[in-house]
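> Below are the sequence and a predicted model for it; my questions follow.
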Amino acid sequence: MNALSEPRFPLSAAREAVGSNVVEWEAVATRGYARSSAHWRARLADGRRVFIKQALIGTAVECLRAERVIYEAVSRPFMPLFYGAYDDGELALIVLEDLTDEEWPPPWSPRGIESVLVSLAELHRISPPKELEKLEAIRGEIVGWSDIAANQNRCSRQGSALLRGLRKRSRYSCKQARTLNLTGRNCCTST
């Protein structure tokens, strides 16, 4: 399926993933990188409201499989409930608790800030699932400043001020990207 075409709701796959009939659904508008996946909100016959993320292209399928590993291995209060997944080799999706009605800052309350800090501290104590590829092994794929630095001439049409800023930023960011610690033993990867 082309990521830019309108995907069809994966009714039978969603039903198989959650073990319940899907009685209604709606597409969730996405932008940017998110267009490599379709997003849906749905209501199940058993009353649950769910969020469905469906991969539309090969790289999104791989990312969704890694995301699934995390949801299956890590269950904490700061994460949405994981209801199930479907993957037949071509069609892949995960089904999560729908968080639409939750609080989505800004503005941030002191209670909300404290909750985030507590959640980050807890996340820092969690070891990532062993099935996941280490970030250090895919540094070149996830840290793109060296690509930007190598292709600065493409940006020259945007104006010399932008190009000067890009050159300055990319030199700094390439250095930061080379020295960023991605060998950690926890989900935050810093230690």
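Ah, there it is.

> where does S115 land in three-state SS?
Secondary structure assignment for S115 (DSSP: H, G, I helix; E, B strand; the rest coil): helix.

> when you give positions from now on, start the count at 510
With the count now opening at 510, the last piece we talked about shows up as S624.

> can you pull the pLDDT of it?
On pLDDT, S624 comes in at 91.

> Ignoring the adjacent residues along the chain, who's closest to it?
Once flanking residues are discounted, S624 sits nearest to F587: 7.9 Å by CB to CB, 6 or more residues apart in numbering. Where C-beta positions appear, they are placed from N, C-alpha and C, glycine not excepted.

> do A522 as well
Y595 (4.1 Å).

> Who are the packing partners of the helix or strand where the one you found lies?
Assigned by DSSP states H and E, Y595 falls within strand 591-596. Based on contacts counted as 3 or more CB pairs under 8 Å, 6 or more residues apart in numbering; DSSP states H and E, the elements that strand 591-596 packs against are helix 520-527, helix 567-582, strand 601-606.

> So which of those is nearest P638?
helix 567-582 (4.0 Å; CB to CB).

> picking that back up, the strand holding Y595 to helix 567-582, inter-axis angle?
Angle of strand 591-596 versus helix 567-582, following axes from the mean of the first three to the mean of the last three CA atoms, to 10 degrees, is 140 degrees.

> can you list contacts of strand 591-596?
519, 522-523, 525-528, 557, 559, 570, 574, 577, 580-581, 584, 601-606 (CB atoms under 8 Å, 6 or more residues apart in numbering).

> Could you list everything V604 pairs with in the sheet?
I561, G593 (DSSP bridges).

> wait, doesn't it sit right on R557?
No: V604 is not in contact with R557 according to CB atoms under 8 Å; the separation is 9.2 Å.

> looking at the helices and strands packed on strand 591-596, which is closest to R540?
Taking the helices and strands packed on strand 591-596 one by one with CB to CB, helix 567-582 is closest: 14.7 Å.

> Can you give me the domain boundaries for this protein?
Domain assignment of the chain by automatic domain parsing yields the ranges 520-609, 644-688.

> what about the longest one, how long is it end to end?
Right, domain 520-609. Using CA to CA, to the nearest Å, one end of domain 520-609 lies 21 Å from the other.

> cool, stretch 562-572 as well?
End-to-end for stretch 562-572, by CA to CA: 11 Å.

> With stretch 586-605 instead?
14 Å.

> And for stretch 527-546?
Note: stretch 527-546 ends 19 Å apart using CA to CA.

> ok, how many other residues are close to the residue nearest to S624?
The local packing of F587 (other CB atoms under 10 Å) involves 12 other residues.
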